[in-house]
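Colleague: Can you look at this prediction? I've put the sequence above it.
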Amino acid sequence: TRSTRPQRLLRAVQKKAIKGDPQSVISTIDYFCRHSEWAMNVGDEKGVILDSVVCEVSPSTALELGTYCGYSTVRIARLLPPGTKLITLEFNPDYAAVARQIIEYSGLQDKICLVEGASGDLIPKMQELFGIKTFDFVFLDHWKDRYLPDIKLLEECQLLRKGSILLADNVICPGTPDYLEYVRNSPRYESKYFKSHLEYTKVEDGLEKSVFLG
Ligand SMILES: Cc1cc(-c2n[nH]c(CCNC(=O)c3cc(-c4ccc(F)cc4)cc(O)c3O)n2)ccn1
Ligand SMILES: [Mg+2]
């Protein structure tokens, strides 16, 4: 049967990127998605904003919802201080299989823990699975209709603390209107929009950065 897009993206990484060099994995994926096949990675333009927020927060504990092929997983993990772990949740086993290989190829596997399953099922298990008390940083990039229910779940499970930073991809395209309305109007969040473009296109998109106020 025909290969899948994630498999073709992985093949490009294995062929063109330097093993153990996260930046070359990132650049190879961006080149492939711009010149061969579009794929739903956060991409280079929004990736620079993601990098700046990760560097600013310098999190001890970080959670990513929606691994896909592991592009933003590698982008985040390459900036984490030694001894910190990025937990990333992926629902689709085919995506997860490709992501594991891309993460391995980048050499960052010791900083990343990829868990397969639905965010709604796994979030309540974070304390028992990883001994996590709270997350300093959460990157939301999974099903757009899960952003709102999942931050409410993070609140209920007391996985956010005063000052926890949430960064959400795709708040314009495909769009997460109910999530935006909530974080922009809730007294428990201070929100800021970073205008950008849908990865590898001229279509408007952006990232919403929200601080949990406790
Ligand atoms: C743990 C868990 C994980 C998941 C999960 N894991 N991986 C995903 C992928 C989600 N991402 C997207 O759907 C997405 C779509 C577009 C897009 C597509 C088509 C267009 F025309 C325009 C834009 C652009 C993006 O940047 C996106 O991120 N969900 C789901 C549930 N539970
Ligand atoms: Mg996205």
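Modeller: Nice, thanks for sending it over. Ligands and ions are numbered 1, 2, ... in the order given.
Colleague: Tell me who's in contact with residue 212.
Modeller: Contacts of residue 212 were listed using CB atoms under 8 Å, 6 or more residues apart in numbering, and they are 155, 160-166, 188-189. Any C-beta I mention is one placed from the backbone N, CA and C, and that applies to glycine too.
Colleague: Give me the pLDDT value at it.
Modeller: At residue 212, the pLDDT value in this model is 99.
Colleague: re the thing from before, give me the buried entries from the contacts of residue 212.
Modeller: Neighbour counting over these (16 or more other CB atoms under 10 Å) leaves 160, 164-166, 189 as the buried ones.
Colleague: Can you tell me the closest non-neighbouring residue to the residue of the chain found nearest ligand 2?
Modeller: Using CB to the ion, residue 169 is the residue of the chain that sits closest to ligand 2, at 3.7 Å. Excluding the flanking residues, the one nearest residue 169 by CB to CB, 6 or more residues apart in numbering is residue 141, at 4.3 Å.
Colleague: Same check on residue 81?
Modeller: Residue 81 sits nearest to residue 58 (CB to CB, 6+ apart), 6.0 Å away.
Colleague: Got phi/psi on that neighbour?
Modeller: phi 40, psi 60 (degrees, to the nearest 10).
Colleague: In this structure it contacts residue 76, no?
Modeller: No. Checked against CB atoms under 8 Å, the pair residue 58 and residue 76 is beyond contact range at 11.5 Å.
Colleague: Between the two, tell me which one has more neighbours.
Modeller: Using other CB atoms under 10 Å as the criterion, residue 58 and residue 76 rank with residue 76 on top: 26 against 13.
Colleague: helix or strand right after the helix or strand that the more buried one is a member of?
Modeller: Assigned by DSSP states H and E, residue 76 belongs to helix 71-77. Sequence-wise, the next helix or strand downstream of helix 71-77 (DSSP H and E) is strand 85-90.
Colleague: Show me the contact partners of that following strand.
Modeller: With CB under 8 Å, 6+ apart, strand 85-90 has contacts from 61-68, 70, 73, 76-77, 80, 96, 99, 111-117, 119, 122, 126, 130, 132, 142.
Colleague: that older thread, list just the nearest of the contacts of residue 212 to residue 24.
Modeller: residue 165 (28.0 Å; CB to CB).
Colleague: who in this protein is up against ligand 2?
Modeller: 141, 169-170 (CB under 5 Å from the ion).
Colleague: Tell me the most packed of these, by neighbour count.
Modeller: Neighbour-wise, those (other CB under 10 Å) top out at residue 169, 30 neighbours.
Colleague: Okay, that residue and ligand 1: tell me how far apart.
Modeller: Look at residue 169 and ligand 1: by CB to the nearest ligand atom, to the nearest Å, they are 5 Å apart.
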